[in-house]
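Engineer: below is the structure, and that's it, no one-letter string:
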Ligand SMILES: [Zn+2]
Ligand SMILES: [Zn+2]
């Protein structure tokens, strides 16, 4: 035991963070107390504020402390493109990597009947209304290439077609820098089958 | 960018934690928001409280939110033994591993003239008073076996002898489970030189 019950409570509380075990929680607490009191206080205040104030954007369902997130509220986005992702992290990855300037819709999950996760839980009623009232020309379905992600994509594609909207899916293939030898067979099979002519 | 400025501030604040880069800070923030709001709020409150309320025990200098830490305040400790360590983490390691039931003194550092760290910065005036007024019979010097740790040990040993107190140092040698082949030469030299008769 340490000589400070409050320190033990802090170490215990730090373990809520993913990937933080007892040893690193201890190291974090000692580090903050010895060298980063101001940063630790700032983090405490931020956590308290963020956990209380961050809800979901009423348009795209991404995390947001205001009714509309900064992307939905931004004037410069192309509202004819709507990209559906499973998580806020996926949205951030696309935003960072691709230069995409359309809008998003965040499911916060994927269809999973076995876990009791249905269309309602993913906000698909909200998406339905949006496709109807404020239809994009293309629905980019960027769910993950897992069994559940593919089933979700299938469901979303049907929703889009019903409204006359073109559903699209991210291309599969050999990752840049990937070595054929180490790529899973399914990806290689798909990449081989969808091979394209080399541009001159 | 994410759609939430507050979320970005939280991710930024999380990076004060040792070993947490931009990617894991992001993963932590999303994890708390999606699945651990209550734990995140608790952590926020704990951080705020700990950073503000945890000071140092006025007797041993270990972290403590009260004047005396739980160990110094405890009745069951043997006050004839005093163990000096560089850090609270070292104290915790000894407390956890050894069954030691004496008291401690925490330096929060080591003598380092090049960094301008002198006896005053390590609370050695407080230790001096304690050795004088409330003398233990043995001063266990558990500073690290580094150059600065050894110099600090040398200094502390002189302080102890001046008051007629026996200074001791943790034994060096081959770690349990260590293989001779991989042990540094200095340790092996020392272990060989201080070899002991095998008990029957
Ligand atoms: Zn939004
Ligand atoms: Zn104490």
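Structural biologist: Great, that's in hand. Nothing here was measured: the structure is a model prediction, and the numbers come from that model. Ligands and ions are numbered 1, 2, ... in the order given.

Engineer: for residue A:141, what are its contacts?
Structural biologist: Neighbour list for residue A:141: A:84, A:153, A:156, A:157, A:160, A:167, A:168, A:169 [criterion: CB atoms under 8 Å, 6 or more residues apart in numbering or on different chains]. C-beta coordinates here come from the backbone N, C-alpha and C atoms, glycine included.

Engineer: apologies, that question was intended for residue A:127.
Structural biologist: By CB under 8 Å, 6+ apart, the neighbours of residue A:127 are A:84, A:105, A:156, A:159.

Engineer: and if you look at residue A:22?
Structural biologist: With the criterion set at CB under 8 Å, 6+ apart, residue A:22 makes contact with A:11, A:15.

Engineer: so which of the contacts of residue A:141 are in strands?
Structural biologist: A:84, A:167, A:168, A:169 (DSSP state E).

Engineer: next one: phi and psi at the spatially most central residue of chain A?
Structural biologist: Centroid-nearest residue in chain A: residue A:87, 2.2 Å away (criterion: CA atoms, centre = their mean). Main-chain torsions, residue A:87, degrees, to the nearest 10: phi -140, psi 160.

Engineer: pretty sure it contacts residue A:104?
Structural biologist: No. Using CB atoms under 8 Å as the test, residue A:87 is too far from residue A:104 to be in contact (11.0 Å).

Engineer: OK, contacts around the nearest residue to residue A:117 once chain neighbours are set aside?
Structural biologist: Spatial nearest neighbour of residue A:117, excluding adjacent residues (CB to CB, 6 or more residues apart in numbering or on different chains): residue A:109 at 5.5 Å. Residue A:109 sits next to A:86, A:87, A:117, A:121, A:122 when contact means CB under 8 Å, 6+ apart.

Engineer: switch to 7 Å and redo it
Structural biologist: The contact partners of residue A:109, taken as CB atoms under 7 Å, 6 or more residues apart in numbering or on different chains, are A:86, A:117, A:121, A:122.

Engineer: which of the contacts of residue A:127 sit farthest apart?
Structural biologist: Greatest spacing in the contacts of residue A:127, by CB to CB: A:105 and A:159 (11.1 Å).

Engineer: looking at the two, which has the bigger crowd around it?
Structural biologist: residue A:105 (28 against 19; other CB atoms under 10 Å in any protein chain shown).

Engineer: surely the residue nearest to residue A:117 is within a strand?
Structural biologist: No. Residue state for residue A:109 (DSSP: H, G, I helix; E, B strand; the rest coil) corresponds to coil; a strand is not indicated.

Engineer: and residue A:48, helix, strand or coil?
Structural biologist: Applying three-state DSSP: residue A:48 is helix.

Engineer: for the residue nearest to it when sequence neighbours are not counted, give me its contacts.
Structural biologist: Leaving aside its sequence neighbours, residue A:48 sits nearest to residue B:44 (CB to CB, 6+ apart; 3.6 Å). Residue B:44 sits next to A:44, A:47, A:48, A:51 when contact means CB under 7 Å, 6+ apart.

Engineer: circling back to that earlier point, I'd like the contacts of residue A:141 as TSV, with distance to residue B:178 and pLDDT appended.
Structural biologist: Shown next, in TSV, are those (distance: CB to CB, whole Å; pLDDT from 0 to 100):
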residue	distance to residue B:178	pLDDT
A:84	56	95
A:153	55	92
A:156	59	95
A:157	61	94
A:160	64	94
A:167	62	92
A:168	60	92
A:169	56	87
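
Engineer: list only those of those flagged as buried.
Structural biologist: A:84, A:153, A:156, A:157, A:160, A:167, A:169 (16 or more other CB atoms under 10 Å in any protein chain shown).

Engineer: what segments of chain A are strands?
Structural biologist: A:55-56, A:63-64, A:78-85, A:102-106, A:138-141, A:166-169.

Engineer: return the most buried member of those strands.
Structural biologist: Of all those, strand A:63-64 has the most neighbours on average by mean count of other CB atoms under 10 Å in any protein chain shown, namely a mean of 26.

Engineer: what is the burial count for whichever residue of chain A sits closest to ligand 2?
Structural biologist: In chain A, the residue that lies nearest ligand 2 is residue A:3 (5.3 Å; CB to the ion). Residues within reach of residue A:3, counting by other CB under 10 Å, total 27.

Engineer: what of residue A:26?
Structural biologist: Neighbour tally, residue A:26, other CB under 10 Å: 21.

Engineer: which non-adjacent residue is nearest it?
Structural biologist: residue A:11 (5.3 Å).

Engineer: residue contacts, the one you found?
Structural biologist: A:25, A:26, A:29.

Engineer: mind listing what's buried along stretch A:95-102?
Structural biologist: Of the residues in stretch A:95-102, A:95, A:100, A:102 count as buried by neighbour count, 16+ other CB under 10 Å.

Engineer: per-residue pLDDT, the first one?
Structural biologist: I take that to be residue A:95. At residue A:95, the model reports a pLDDT of 87.

Engineer: got it, and the last one?
Structural biologist: Confidence per residue is given as pLDDT, and for residue A:102 that number is 94.

Engineer: that one is in contact with residue A:74, isn't it?
Structural biologist: No. Using CB atoms under 7 Å, residue A:102 is not in contact with residue A:74; the gap is 11.4 Å.

Engineer: list, one by one, the residues from chain A near ligand 1.
Structural biologist: Residues of chain A lying close to ligand 1 by CB under 5 Å from the ion are A:57, A:59, A:60, A:69, A:72.

Engineer: just the closest of these to chain B, please.
Structural biologist: Nearest to chain B among the residues of chain A next to ligand 1: residue A:69, at 3.0 Å, using CB to the nearest CB.

Engineer: that closest one against residue A:58, yeah?
Structural biologist: No. Using CB under 7 Å, residue A:69 makes no contact with residue A:58, being 9.1 Å away.

Engineer: and those two? which has more neighbours close in?
Structural biologist: Per other CB under 10 Å, whichever of residue A:69 and residue A:58 has more neighbours is residue A:69, with 27 against 13.

Engineer: report the contact partners of the more buried one.
Structural biologist: Residue A:69 makes contact with A:57, A:60, A:62, B:3, B:4, according to CB under 7 Å, 6+ apart.

Engineer: do a quick rundown of the helices in chain A.
Structural biologist: A:5-14, A:22-35, A:37-53, A:70-73, A:88-98, A:124-133, A:147-162, A:185-193 (DSSP state H).
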